[in-house]
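> Provided below are the primary sequence and the corresponding predicted coordinates.
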Amino acid sequence: MSVITKPESPWPKFEILSQDGRRQRSGRSRRRIIEALFDLLSQGNMSPTAAAVAERANVGLRTVFRHFEDMESIYLEMTEELETAIMPKILAPYEAHTWRDRILEAADKRAEIYESVFPMKVCMSLRSVDSDVLRKQYDRDVETHRAALKAILPEEVTADPKMFAALEVTLSFATWRRLRQDQKMSREAATETVKLMLQGLIAGTSPS
């Protein structure tokens, strides 16, 4: 059996164009704080304190609050940066020509995306009730993935509420987490399981 390992960094390469040394150091400190929060989530700490973030980022607590008003503002910037980093993957064109093949290709896309932001997605699922930032990001994620799914399906499928809901749930992070975390499947096995479920759902639909 496989266990969840720390995902590859989803962050784009960090660059500061300014030649001002203080601005460069400030930018690097800000990024370290954001990445420190993500690292703590990766290790299973779903409610890290500002002190824990400061320690992980190797900065003082005063530095954390010089850059951010509170923990919610760190979550906000982290989720916005992650969204910017993964959006090109969501919007990337499909290689498959039929919708039936594209939805199977979508399983590979979702696997890559979910693996890179696994800790953040778990945090959003657990803490969306008590965090306005995470609840709003959770809602945006749902709408983004729903729109992306609708874009590759024919009208006959999107017009069927039960069929569309079944496909959406199959490709959801909740299903991915259940396979990877609860059933301890490898990434490859989880992807093939999702595809198996999708194939079962679309077996009786038009092949066009």
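Thanks, I have the structure now. Numbers count the residues shown, from 1 in each chain.
> Phi and psi next, for N58.
phi 60, psi 40 (degrees, to the nearest 10).
> before we move on, which element is the residue nearest to it when sequence neighbours are not counted in?
Excluding its sequence neighbours, the residue lying closest to N58 (CB to CB, 6 or more residues apart in numbering) is R32, at 6.9 Å. For every residue, glycine as well, the C-beta is placed using N, CA and C. Assigned by DSSP states H and E, R32 belongs to helix 21-42.
> And that helix, what's buried?
Neighbour-count burial for helix 21-42 flags 26-27, 29-42 (criterion: 16 or more other CB atoms under 10 Å).
> what's the answer for stretch 61-79, then?
63-64, 67-68, 71, 74-79.
> Show me what the helix or strand of the chain with the lowest mean pLDDT is packed against.
For the chain, counting by mean pLDDT, DSSP states H and E, helix 21-42 ranks last in confidence among helices and strands (a mean of 78). Applying 3 or more CB pairs under 8 Å, 6 or more residues apart in numbering; DSSP states H and E, one finds that helix 21-42 contacts helix 50-57, helix 61-67, helix 71-91, helix 118-127.
> what's the offset of it from the middle of its chain?
19 Å (CA atoms, centre = their mean, to the nearest Å).
> repeat for stretch 48-67
With CA atoms, centre = their mean, you get 24 Å for stretch 48-67.
> got it, and stretch 70-86?
The chain centre lies 11 Å from the centre of stretch 70-86; the measure is CA atoms, centre = their mean.
> Verify the stated contact: the residue nearest to N58 with A57.
Yes: R32 lies in contact with A57 (CB atoms under 8 Å); the separation is 4.2 Å.
> Report the buried residues of whatever helix or strand A189 lives in.
Secondary structure from DSSP H and E places A189 in helix 187-202. With burial defined by 16+ other CB under 10 Å, the residues of helix 187-202 counted as buried are 187, 190-191, 193-195, 197-198, 201-202.
> try stretch 110-122
Neighbour-count burial for stretch 110-122 flags 110-111, 113-122 (criterion: 16+ other CB under 10 Å).
> Please apply the same query to stretch 124-132.
124, 127-128, 131.
> pLDDT below threshold where in this structure?
Within the chain, the stretches with pLDDT under 70 are 1-26, 206-208.
> Next, work out how far apart the residue nearest to the spatial centre of it and L41 are.
The chain has V117 as the residue nearest its centroid, 3.9 Å off, counting by CA atoms, centre = their mean. Separation of V117 from L41 (CB to CB, to the nearest Å): 10 Å.
> ok, now E55?
Distance of E55 to L41, given as CB to CB: 15 Å.
> same check, this time on I90
21 Å.
> List the contacts of D132.
Residues near D132 by CB atoms under 8 Å, 6 or more residues apart in numbering: E72.
> May I see the buried residues of stretch 49-60?
50, 53-57, 59.
> would you list the residues you listed in a markdown table and tack on distance to D101?
Conversion of these to a markdown table gives the following (distance: CB to CB, whole Å):
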| residue | distance to D101 |
| --- | --- |
| A50 | 47 |
| V53 | 43 |
| A54 | 48 |
| E55 | 48 |
| R56 | 43 |
| A57 | 44 |
| V59 | 48 |
